[in-house]
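Q: A structural model of the following input is requested.
(one chain, ligands or ions: 1)
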Amino acid sequence: MAQFSLVSASVGLITLQNPPVNALSAVLRQGIVDAVEKALCDPKVKSVVICGQNGIFCGGADIREFGTNMRGPPLIPMIHAIESANKPMVAAIEGSALGGGLELALGCHYRIAHSQARLGLPEVTLGLLPAAGGSQRLPRLIGVPAALNLITTGRHVTAAEALQLGIVDQVTDHNTVDAAVKFSQSVAGQSLDGRRISTYPCPVQPNLDAFFEEAMLKVRQSARGAIAPVACVQAVRAAATLPYAQGMKREKELMATLFTSGQARALQYCFFAQRAVGRWSTPSGGRWDTSKPRPVHTAAVIGLGTMGRGITVALAQTGLSVVAVETQVKQLTEAKQAVSGMLERGATRRGAAPTPDRITYSENIQAVAGADLVIEAVFEDMALKEKVFRQLSDVCKPGALLCTNTSALDIDHLASQTRNPELVVGMHFFAPAHVMKLLEVVYGPRSSSQAVATAMQLGKKMGKISVAVGNCRGFVGNRMLKPYLEQAFFLLEEGATPELVDRALEDFGFPMGVFKVSDLSGLDVGWRVRKADGMVESGLSTGPSARIRQGRRYSPLGDLLCEQGRFGQKTGRGWYLYDKPGGRVSKSDPWLHSFLEEYRVQQGLVARRVDQQEVLERCLFALINEGFQILEEGIAAGPEDIDAIYVFGYGWPRHRGGPMFYAGMVGLAKVMERLDHYHQAHPDEPSLQPCSLLRRLVASGKKLHSQL
Ligand SMILES: CCCCCCCC/C=C\C=C\CC(=O)SCCNC(=O)CCNC(=O)[C@H](O)C(C)(C)COP(=O)(O)OP(=O)(O)OC[C@H]1O[C@@H](n2cnc3c(N)ncnc32)[C@H](O)[C@@H]1OP(=O)(O)O
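A: Numbers count the residues shown, from 1 in each chain. You can find the predicted model right below:
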């Protein structure tokens, strides 16, 4: 609802009340309409201030209402009524004014913001555009380039930037409502003719056509198939070229297409999934709302390779004291330099002071004795990690949480090396650890719920999307990646090229195809793992056993490239060719194509035409099938956990909602039917055999996601 009160004898104060973020639900919209009417009819009221309850102006339209039978007064006439009012309407912006919240403020005649406030039109991130006049008013207020930037990226701006851009009229460090009330009194009675943004002409943009052509090109490139950014450009173009009323008509048309699109549903699902993963639970009964995290003031990192350095930076940026341990002197010296460089660059980006003084370096593991939490980030080798955990168990203070940054190894086995296995959890960071948003928090059967809660809370403080997952080989993300990679290799054997496979995946929306990613992260990484698993046979043998391991199909292609020293970008050659070792720009490699042809001949394989649809179905449906298996085993608590992991850690296109959501969009019956089809053709590939949860869901007609 919206509360109306009279303050300072002549100011009508309208307070939006819809916790937690004052989203513009039907009830709140009705409340605003009623309160505005009251204010305008009351002769005592000479000016009006609109503010939000609990330190937040408004988080925008109520996203939960989308896709339902929307009732209540619509936003556009409500905002027009505010703009056309004959008493000054002032928005007092604290906390956030986002989406419909900022559009409401743009309907006001003046905007006063607190210095800590954030403003933005993030609709594009939900698959929409600012369709309550935002796409038409903002360009008129701040000019086309600045508005286009805000609307197509959805970025939030600080109050200082909003002032500089001209979105707000005043910024205060004091009580915003008081400042707005005072301000409103000072302008009461003045003409409002120049204050109604919809009446402004859009500032002239030179070379309009060329400007929008270039903008559209850029947006299409970065959108990777998302339709909302493109519609946002079209809406701003309408603002720049059409009178306001026609621009509004165009805004409405464009919104109508977006509003019911699958992409909007997927993006809005991601918004809620990102928040849902914070409400974790474990099979043993641990829960986010009943488990109290332990306080962490000092954290320690063991091992300062690439991952350890990133984790050290991420911890220091969170404001913790960090003890960083590296037993090799040369590595330690290099790490100190690298970490301070990363901190400096991070500080420059954020406009903050660097924080190297929070880090103490040591060559001795004894230095971690006082830490509340230790993250082991040594080389991915079980024997080495076992040794470190035995040492930590001796050295650390009672109650200290022991975490391992492994990407696949058994957490429970490591816990068994310590005196307090309940204090051991995995914290699987993604490289670069100070940049990537995802953190898998891995609990073993003996991890206490307090240990999980502590790691989850630390992840949140570090700005990560933390997802609690169970203990199995590769956890959730890497476990699902295995069948995806396998299928990509098999497709090469059957006639595809790395270019064809990568193109299909990039057209789907991944920033990089599987072979480009493999070149970037290094082919030797997987090779080492496969060797340790006894999968690698040196040289190329022929005959039926050459491509079978442990009774299932196996492709040695990656091993053969590694034997040639082709490790990807770092050696300048991998699945692609680079101009030099460390080069970033991939080129097709004729050698690789001849190698594949020779390989097929040697193996008696006849190349056939593989199309994009087969690439997508085999790679993605095999990955999704593993996701269902993971759900069935209870390794992930729900589909949102898997989807968040893939969207935030593996480049899954957000506008497709994550792999499990995508499966629902395609239709579970179709996914199962295609898997069955491919499994019949390739009976030696168990990852193509639909798992029993998928079969049961299809048989019962049940859905995995309520949104679908
Ligand atoms: C045929 C065509 C017809 C079309 C007619 C339609 C006309 C529509 C016209 C205009 C449309 C306008 C579009 C919008 O306004 S879309 C919404 C834009 N706003 C946003 O994207 C902001 C989203 N929220 C946030 O960014 C944050 O929540 C923030 C406000 C910054 C607060 O952050 P924080 O303090 O960290 O809190 P949480 O994010 O955890 O949120 C707390 C809970 O509140 C829920 N929430 C937040 N925002 C909304 C919202 N706008 N609607 C509904 N619910 C919201 C959030 O999910 C949390 O709850 P839970 O944990 O249960 O998920």
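Q: list the contacts for L500?
A: Residues near L500 by C-beta atoms under 8 Å, 6 or more residues apart in numbering: 610, 612, 615. All C-beta spots, glycine's among them, are computed from the backbone N, C-alpha and C.
Q: which of those fall within helices?
A: Members of the contacts of L500 lying in helices (criterion: DSSP state H): 612, 615.
Q: neighbour-wise, give me the winner out of the contacts of L500.
A: V615 (24 neighbours; other C-beta atoms under 10 Å).
Q: if you drop the residues flanking it in sequence, what lies closest to it?
A: A504 (3.8 Å; C-beta to C-beta, 6 or more residues apart in numbering).
Q: kindly report the same for A2.
A: Nearest one to A2, counting by C-beta to C-beta, 6+ apart, is G31 at 3.3 Å.
Q: ok, now V517?
A: In space, V517 is closest to G651, 7.9 Å off (C-beta to C-beta, 6+ apart).
Q: just confirm that neighbour is within a helix.
A: No - under DSSP: H, G, I helix; E, B strand; the rest coil, G651 falls outside any helix and is assigned coil.
Q: number of residues surrounding the closest residue to A369 other than its chain neighbours?
A: Distances taken as C-beta to C-beta, 6+ apart place V395 nearest to A369, at 5.5 Å, with adjacent residues excluded. Using other C-beta under 10 Å as the criterion, V395 is surrounded by 17 other residues.
Q: which residues touch V395?
A: Taking C-beta under 8 Å, 6+ apart as the test, what V395 contacts is 365-366, 368-369.
Q: of the contacts of L500, closest to A353?
A: For these, the minimum distance to A353 (C-beta to C-beta) is 48.3 Å, reached by V615.
Q: tell me if I'm right that the closest one and E506 touch.
A: No - V615 is beyond contact range of E506, at 10.8 Å (criterion: C-beta atoms under 8 Å).
Q: for L121, give its distance to G649.
A: For L121, the distance to G649 equals 27 Å [C-beta to C-beta, to the nearest Å].
Q: and these two? Which one has more around it.
A: L121 (31 against 22).
Q: which non-adjacent residue is nearest the more buried one?
A: Nearest in space to L121, with sequence neighbours left out and distances taken as C-beta to C-beta, 6+ apart, is P130 at 4.4 Å.
Q: okay, that neighbour: pLDDT?
A: Listed pLDDT for P130 reads 98.
Q: and the one 10 residues further on, by the same measure?
A: R140 is assigned a predicted lDDT (pLDDT) of 98.
Q: so what's it up against?
A: Applying C-beta under 8 Å, 6+ apart, the residues near R140 are 197-198, 200-203, 239, 244.
Q: what are the ranges of the strands in the stretch 201-350 of the chain?
A: Using DSSP state E, counting those that start in this stretch, the strands of the stretch 201-350 of the chain run over 298-302, 321-325.
Q: just those strands: most buried one?
A: Comparing the strands of the stretch 201-350 of the chain by mean neighbour count (mean count of other C-beta atoms under 10 Å), strand 298-302 comes out on top with a mean of 28.
Q: low-confidence stretches in the stretch 351-500 of the chain?
A: 355-356 (pLDDT under 70).
Q: ok, now the stretch 101-250 of the chain?
A: For the stretch 101-250 of the chain (pLDDT under 70), the answer is none.
Q: element containing S186, please.
A: According to DSSP states H and E, S186 maps onto helix 176-187.
Q: picking up where we left off before, isn't the residue nearest to V615 up against R618?
A: No - taking C-beta under 8 Å as the definition, A504 is not a contact partner of R618, at 10.1 Å.
Q: follow-up on the earlier one: mind giving me the PyMOL command for buried ones among the contacts of R140?
A: Restricted to buried positions by 16 or more other C-beta atoms under 10 Å, the PyMOL selection for the contacts of R140 reads:
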select buried, resi 197+198+202+239+244
